[in-house]
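Visitor: Build me a structure from this.
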Amino acid sequence: MMALLTLMILVFFTFASRHLAAAPSNAVPLHRLGTIYRRNLRLPRFRLYALSICFAWMAWFVFVSCSSGPMQQQLGLTPQQYAVLLSASAIGYVAGSMLARRMAIRRDIDQIIRWAAGIGALGGVLLVALNLILTPTSLTLMAPMLIILLSVGMVIPATQAGLLRSVTEDAGASSGLFFFLQMMAGATWAAISNLWQPMSVTLLAILIATPALLLPFLFHRVQARLRVEEKGLQG
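Guide: Okay, the predicted model is just below:
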């Protein structure tokens with residue numbers, strides 16, 4: 001199925017781009033990558049947006065990676081029911097992306113991320129509370145998860161826009177580092193989470209909620225430090 005989907009993408013792109021002019025080559029020499037990466041990691045705003053996308057992605061990725069066992073074994077879902085719920089959860093992400101786009105007309109990028117982090121923290125609190133107090137069900141897991149995914153859908157496009165605003169050159173190589181950090185953060189958190197086996201729905205809820213609850217505090221702290229640094233440069 002993956003090979004078939006990839007082939008479909010290739011065919012679509014080939015036909016869709018056949019009348020377009022070739023893009024100019026902006027390839028970065030391999031020996032310059034280390035310099036570019038070190039420069040970006042020293043940029044306060046690059047670190048701020050990288051941290052934000054990493055923690056938002058950690059919450060989403062651990063759900064995708066670790067929910068199959070608890071939802072099918074503990075909650076008794078069939079593979080087909082699980083697939084439907086997993087697909088339906090994308091509604092939260094799409095809604096978040098649309099909301100971030102609307103907010104971007106009047107709100108600053110940092111304000112959007114701050115709102116998104118607060119929404120994700122609320123979803124994390126509800127996720128843990130419902131599955132600790134009540135008997136875990138698909139509803140107690142998926143309802144708060146939609147709130148968290150609303151947050152993730154807001155954070156990802158906002159941080160991507162912040163990346164392009166904070167990095168004025170070598171955007172391609174800088175984006176590669178940015179998304180590598182995002183993917184590695186999610187994979188690492190999922191690997192740590194999978195150390196606890198067999199996993200229960202309640203434990204899954206805690207693992208999903210942890211990065212969602214940490215994000216607003218970390219964002220506030222890094223942003224406060226950033227403001228101090230920017231004032232110092234202006235002075």
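Visitor: What lies in contact with stretch 34-50?
Guide: Applying CB atoms under 8 Å, 6 or more residues apart in numbering, the contact partners of stretch 34-50 are 28, 113, 159, 162-163, 165-167, 170, 173-174, 177-178, 181-182, 219, 222-223, 225-226, 229-230. Quick note: C-beta positions are derived from backbone N, CA and C, even for glycine.
Visitor: rerun that using 10 Å as the cut-off
Guide: 28, 109-110, 113, 155, 158-167, 169-170, 172-182, 185, 218-219, 222-223, 225-230, 233 (CB atoms under 10 Å, 6 or more residues apart in numbering).
Visitor: give me the low-pLDDT residue ranges for the chain?
Guide: The model of the chain has pLDDT under 70 over residues 23-26, 230-235.
Visitor: where does Leu77 land in three-state SS?
Guide: Per DSSP: H, G, I helix; E, B strand; the rest coil, the secondary structure class of Leu77 is coil.
Visitor: Can you report how many residues neighbour it?
Guide: Neighbours of Leu77 under the rule other CB atoms under 10 Å: 19.
Visitor: now the one 3 residues further on
Guide: Applying other CB under 10 Å, we find 8 other residues in the vicinity of Gln80.
Visitor: what residues are up against it?
Guide: Residues near Gln80 by CB under 10 Å, 6+ apart: none.
Visitor: which of the contacts of stretch 34-50 count as buried?
Guide: Neighbour-count burial (16 or more other CB atoms under 10 Å) is assigned, among these, to 109-110, 113, 155, 158-163, 166-167, 170, 173-174, 177-178, 181-182, 185, 218-219, 222-223, 226.
Visitor: Ramachandran coordinates for Pro136?
Guide: With angles defined as degrees, to the nearest 10, Pro136 sits at phi -60, psi 130.
Visitor: The most centrally placed residue in the chain: helix or strand, and which one exactly?
Guide: Note on the chain: the residue nearest the mean C-alpha position is Trp57, at 2.8 Å, using CA atoms, centre = their mean. Using DSSP states H and E, Trp57 maps to helix 44-66.
Visitor: Tell me the helix or strand right after that helix.
Guide: helix 68-69.
Visitor: Show me which positions of the following helix or strand past that following helix end up buried.
Guide: Following helix 68-69 in sequence order, the next helix or strand is helix 79-88 (DSSP H and E). Within helix 79-88, the residues that count as buried by 16+ other CB under 10 Å are Tyr82, Leu85, Leu86.
Visitor: Looking at the contacts of stretch 34-50, which are in helices?
Guide: Among the contacts of stretch 34-50, the residues falling in helices (DSSP state H) are 109-110, 113, 155, 158-166, 172-182, 185, 218-219, 222-223, 225-230, 233.
Visitor: Out of the buried residues of helix 79-88, flag the one nearest to Arg18.
Guide: Leu86 (35.2 Å; CB to CB).
Visitor: Touching, that closest one and Val64? I think so.
Guide: Yes - shown here, Leu86 and Val64 form a contact pair, counting by CB atoms under 10 Å, at 7.3 Å.
Visitor: Met145 sits in which helix or strand?
Guide: helix 138-166.
Visitor: And that helix, what does it pack against?
Guide: Where contact means 3 or more CB pairs under 10 Å, 6 or more residues apart in numbering; DSSP states H and E, helix 138-166 is packed against helix 44-66, helix 79-88, helix 90-103, helix 109-133, helix 171-193, helix 201-234.
Visitor: mind putting these in TSV, distance to Thr6 included?
Guide: Converted to TSV, those look like this (distance: least, CB to CB, whole Å):
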stretch	distance to Thr6
helix 44-66	19
helix 79-88	19
helix 90-103	20
helix 109-133	31
helix 171-193	18
helix 201-234	29
